[in-house]
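Participant: have a look; sequence and predicted model below, questions after that.
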Amino acid sequence: MEIFLNGNKLDAEIEHEKTLHEVLVFFEKECMKNDATIVQIEVNGTVIPAGELDTIFNTPLPEVQKLAISTVCEKDIVKSIKNLAVQLTTICEGLEQISVKYQTNNDNEVSAIITSFANSFDSLCHLISLTALFPTKFSHFKIDDMTIIEFLQDFSPILEEFETALKEKDTVLVGDLAEYEIMPRLTNLIASIQKIE
């Protein structure tokens, strides 16, 4: 059986394990020692959804030609969030200038700022979903006394209004929302991220 961990082939010897479950238990224990967790399991080229893992646990090892395991580490999530905060700082500067850029007919620059914001926000949502894997580390993470979920719930109506304003080409509302609603929330988020150890 070939075993891959995060895309790297391991020179692992299977000694006592007889089922796939026993191998996975070994990797889960190793992950726990390193503040990491398994996020994806692929058996013989097929990704196994989390809800179906118990159906493959008793698979005898001779039936497994290839096992690919993907893990995520707590410190890597922290590093990624902090890197994202740096990107968001630059984006905030752009959001503040949207009204001025519309007034000076720099619509292409506005589009670039909004695209950067959208991409970064997608990355943020993905990273937030990963923080749930490490509740001990992230359960106390607050933005203006709000949990990350409360923060997103508060942010959501603003983003919907922003999206509608963009579709309707309401440049005044787009500029106002960017400068007075979105940017301050991102600034508070950045400040909170910078406090993560």
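Facilitator: It's in.
Participant: show me where this structure has its helices.
Facilitator: 20-33, 74-96, 98-103, 107-131, 135-138, 148-167, 171-177, 183-194 (DSSP state H).
Participant: who touches the third one?
Facilitator: So that's helix 98-103. 107, 109, 110, 113, 114, 171, 172, 174, 175, 176, 178, 179 (Cβ atoms under 8 Å, 6 or more residues apart in numbering). Quick note: C-beta positions are derived from backbone N, CA and C, even for glycine.
Participant: which one of those residues is nearest residue 158?
Facilitator: residue 178 (10.0 Å; Cβ to Cβ).
Participant: from residue 126, how far off is the closest one?
Facilitator: Applying Cβ to Cβ, to the nearest Å, the value for residue 178 to residue 126 is 23 Å.
Participant: give me the buried positions along the helix or strand of the chain with the lowest mean pLDDT.
Facilitator: Within the chain, no helix or strand scores below helix 135-138, which has a mean of 87 by mean pLDDT, DSSP states H and E. Buried residues in helix 135-138, counted by 16 or more other Cβ atoms under 10 Å: 137, 138.
Participant: just how off-centre is that helix within its chain?
Facilitator: 15 Å (Cα atoms, centre = their mean, to the nearest Å).
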